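fold the following and give me the result.
(chains A and B)
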Number of protein chains: 2
Amino acid sequence: MFHMTDQFSYASLFEPRSIAFIGASTNPAKWGFNILHHILRGEYAGTIYPINPQGGNWLGRPIYKSLQDVPRPIDLAVIIVPKETVADALRQCRDAGIYAAIVVTAGFAETGPEGKALEQDIVSVARQNGIRLVGPNTMGLYSAYPSRLQAVMTASQFTQGSVALVSQSGNLGTSIADRLIRRKIGISRLISSGNEADLTVEDYLDYLETDEKTRIICLYVEGVRDGKRFVNTIRRLAALKPVILLKGGTGSIGAAAAQSHTGALAGSYAVFRGIGRQTNMILADTIDEMVDIAGLLLSQPEIKGRRIGIVTQGGGLGVLSADLCEAAGLEVPPLNERVVAMLDAFLPPFWSRRNPVDLIAPGKVSMITDSTAALLAHADLDAIVLLGLGYMTSRATRWLESAVLPNPVMEEPARRMIEGEMELVDLIARQIQEFNKPILPVIDAVGFDQPGEVNLVRRLDKMGVMAYASPEQAIRALAKVATYYEKRR
Amino acid sequence: MFHMTDQFSYASLFEPRSIAFIGASTNPAKWGFNILHHILRGEYAGTIYPINPQGGNWLGRPIYKSLQDVPRPIDLAVIIVPKETVADALRQCRDAGIYAAIVVTAGFAETGPEGKALEQDIVSVARQNGIRLVGPNTMGLYSAYPSRLQAVMTASQFTQGSVALVSQSGNLGTSIADRLIRRKIGISRLISSGNEADLTVEDYLDYLETDEKTRIICLYVEGVRDGKRFVNTIRRLAALKPVILLKGGTGSIGAAAAQSHTGALAGSYAVFRGIGRQTNMILADTIDEMVDIAGLLLSQPEIKGRRIGIVTQGGGLGVLSADLCEAAGLEVPPLNERVVAMLDAFLPPFWSRRNPVDLIAPGKVSMITDSTAALLAHADLDAIVLLGLGYMTSRATRWLESAVLPNPVMEEPARRMIEGEMELVDLIARQIQEFNKPILPVIDAVGFDQPGEVNLVRRLDKMGVMAYASPEQAIRALAKVATYYEKRR
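Numbers count the residues shown, from 1 in each chain, chains lettered A, B, ... in the order given. The predicted structure is shown next:
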């Protein structure tokens, strides 16, 4: 007998060569318009067949009246039709030899008993016909390789990369993805798992385990169906690749809301924390922290211990950073005599002679990079947090903008200042490689807004080094990553 | 006998009609250049006299060779000369009838015993002559009213407003100021207190207590000299105006670094937390939280209880926000039947029917504002956190940018979408006034980058309503502000 289930493969979902888009709409207010637009805008490399019984055309592209009219083979169906007709659409898929479907349509288990019955119907139809489903009630799926499939509700501008994101909430998926993209962290796959009527978060994790394009996995979970399987999956996966979890429903009201939202029972946070301890899964406290951690894992070498050097251009930031390290369980060890003597040779007489190394206002860029080099080579430190970048560029930019200063006079010194700080970040990027230890550049929030070419954050981005907007963000992420590597060793 | 100390007044510091800038430099690498530039660039409304024994001119403005040559009266001296000559500069001030000085020069108590002796010398000279000092080792002072005095090292672009900032660290002062400015929160006064050889943080707080231009006080403190006076000052002050404290040196290494940095013994954090409990001072955990709290206090009405309504356009953000409220000690009460019935009348059938109110993807802007209005009028809530703004603008912007869509077709619907969301934020700003309750708009981080006129964050800024980039930021600030008002009542 022919085994229908054998027809499905994850390649149909993540590497489809052709897609039937069932429920194409020419009305910009409809998801049937927007998701189609996002797929086309994303320069999907395969062939897409818009389908709507009314036919016509989608801004010049023909709309097929029926799936029957579409040339075969078709790897994947994206379904965005009224909920009562989803089961029928799945039957048509079977007839067309399609075994993978993304069901965007909502109004199922998340709406109550009636919707739940309808959901069971579509699952039955799918199972009978060997079709595997994403969703229903999913925000969609993005797959960077090989086909740049952007079958998502969100208007996000995806970029290819190596972070995968599985989310039990569509808008959280959007929120995390947008932050990753904003911080120039590319995405390999994004899956909004929706109601998980068929494929579940555990299934997607199985796929990502062997997905060579994925180096890091970000996970937003409210609850899981099969706790034992989830633990086993995470155990295997976290041994191979970093898994960063953000848990929704950690409080009683949030848990109740989660149940109403995806129909899943939210697991207690204590249980998830336990899984984290057992399996080396990293637990993020906030959406932003998840992104900070992912960026650190991607952009820096392994941190081999908890001994942190703090290098600052001003006292207060050094003090706060030492506080933060201590609170996060990182060490800020004293400097040995040899290193103090080395730094004495080139630093101004008033430098702090301790860790945090307060350079005060260093006159030359080389004072900063000579300090980081001496610390990494001779101070038995595992990483450096480098504070106060951007001051020079900011001052020079004001010179150039100033109505008070005659521009020709200031152009040359401004150029030298800006180039000095650019050279500094280039050297920092090189030292990370040379010493094979993390150096976390902290550029004040305002430096992220610096326009154009002189933006140090963008310059570091290009060299694959993530900058942090505050010492808090850098140090909290660093502590979690240090623990991750410690457990892995 | 003539009492020298009677000559000093805070008006000389914060409202000087004329300034002697002792140590003007024509070298852009020197602070004697940059601080003078910042004063001139800030359009200081009084008269400034650059002074340097070498004379010459500062980009066309005459430099006086000596303070003796400068027309009188002079209210304030800004001193940035080599540390050995500061005492002499102060004697010249006495001769010129100047009783207030900002000593930017560093190299005093913060550098060790020798510097400490030198600092005692300048304090003696000042005391003998009735001069009061800011610093030494100060980053400077900004005073918005009436004279827009920007006598600071930082190249920040100050804007006038009602938040005062006293910082025992220059770079923390810069960091906080830049964040306030970036979030369109204007500053009334900024004082970097430096080594506090004469005037201390307690003195500045005394001044701010009666300063009518200051509504809110942000404070970065590492340690205080006179604990009893500090407590009494804060007790009086916090009863009048919100005081937000960020404490440096909460850990042992940070405390040691603080001592090396400003020469002050860092007080234990437990003591400061105790002061906070006794006096209704608000304790911020991070630089960003300080700014979030200040913005909330300025831009929203008093929150009269802890009962929070969460309105969201997607489930996950609602779940996380409920978790955050619970963790922060805020309530997310259930909705009463009447409100559920009211919302039933206009919301799509699948809305959550609970708090968090999940509108799913609302088809019309009025669904959101009708919901917030119903909740504020009839649900016995004290504030609303409004999640998921910016999606419509983001989608419409993509339509207009899209290479796939023929622009003329999409211009009209895009314009309608963008206008719809603008109308939404306008209505929200009006509802805050109408119901006299806080509504905190959360616009995802990426929405902050939205260019030009369609930026909802900027639009809210103009209406004096601060937007938050994440639910965490909004809710943590809201909890601290709720406690502040609770204690004040």
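
most centrally placed residue in chain A?
Central residue of chain A (CA atoms, centre = their mean): residue A:180, 4.3 Å from the mean position.

so the helix or strand containing that residue, near chain B or not?
Element membership for residue A:180 (DSSP states H and E) is helix A:170-182. Yes. Using CB under 8 Å from any CB of the partner chain, helix A:170-182 reaches chain B at A:170-175, A:178-179, A:181-182. In this view, the C-beta of every residue, glycine as well, is placed from N, C-alpha and C.

and the helix or strand following that helix, does that touch chain B?
For helix A:170-182, the succeeding helix or strand toward the C-terminus, using DSSP H and E, is strand A:187-192. No. Using CB under 8 Å from any CB, strand A:187-192 never reaches chain B; the gap is at least 9.6 Å.

ok, now stretch A:222-230?
Yes. Stretch A:222-230 comes into contact with chain B (CB under 8 Å from any CB), by way of residue A:222.

so how far is that stretch off the chain centroid?
On the basis of CA atoms, centre = their mean, to the nearest Å, stretch A:222-230 is displaced by 22 Å from the centre of the chain it belongs to.

quick one: buried residues of it?
A:222-224, A:229-230 (16 or more other CB atoms under 10 Å in any protein chain shown).

returning to what we had before: the helix holding residue A:180 versus strand A:187-192: what angle between them?
170 degrees (axes from the mean of the first three to the mean of the last three CA atoms, to 10 degrees).

check which helices and strands helix A:170-182 sits against.
strand A:160-167, strand A:187-192, strand A:216-221, helix A:287-299, helix B:315-327 (3 or more CB pairs under 8 Å, 6 or more residues apart in numbering or on different chains; DSSP states H and E).

what pairs with the third one, parallel or antiparallel?
As defined by DSSP bridges, the strand partners of strand A:216-221 come to strand A:160-167 (parallel), strand A:243-247 (parallel).

after the helix or strand bottoming out on mean pLDDT in chain A, next one along is what?
Least confident helix or strand of chain A, by mean pLDDT, DSSP states H and E, is helix A:252-262 with a mean of 77. Next helix or strand after helix A:252-262 toward the C-terminus (DSSP H and E): helix A:269-279.

who are the contact partners of the residue lying closest to residue A:101 once chain neighbours are set aside?
Excluding its sequence neighbours, the residue lying closest to residue A:101 (CB to CB, 6 or more residues apart in numbering or on different chains) is residue A:77, at 4.3 Å. Residue A:77 makes contact with A:19-22, A:67, A:89, A:93, A:98, A:100-102 under the criterion CB atoms under 8 Å, 6 or more residues apart in numbering or on different chains.

what strand or helix carries residue A:77?
Here residue A:77, judged by DSSP H and E, is contained in strand A:76-79.

check which residues of the very next helix or strand once past that strand are buried.
Sequence order places helix A:86-96 as the next helix or strand after strand A:76-79, per DSSP H and E. For helix A:86-96, the neighbour count (16+ other CB under 10 Å) marks A:86, A:89-90, A:92-94, A:96 as buried.

and the longest helix belonging to chain A, average pLDDT?
Longest helix of chain A, by residue count under DSSP state H: helix A:407-435. Here helix A:407-435 scores 92 as its mean pLDDT.

and residue A:115, how far from residue A:222?
18 Å (CB to CB, to the nearest Å).

brain fart, residue A:301
34 Å.

of the buried residues of helix A:86-96, closest to chain B?
Chain B lies nearest to residue A:86 out of the buried residues of helix A:86-96, by CB to the nearest CB, at 15.4 Å.

got the contact list for that closest one?
Taking CB under 8 Å, 6+ apart as the contact definition, residue A:86 lies against A:79, A:103, A:105, A:122, A:136.

returning to that earlier point: the residue nearest to the centre of chain A contacts residue A:293, correct?
No. Under the criterion of CB atoms under 8 Å, residue A:180 makes no contact with residue A:293, lying 11.3 Å away.

quick one: low-confidence ranges for chain A?
Scanning chain A with the threshold set as pLDDT under 70 gives A:1-5, A:260-267.

tell me the domain ranges of chain A?
A:1-143, A:154-299, A:302-488 (automatic domain parsing).
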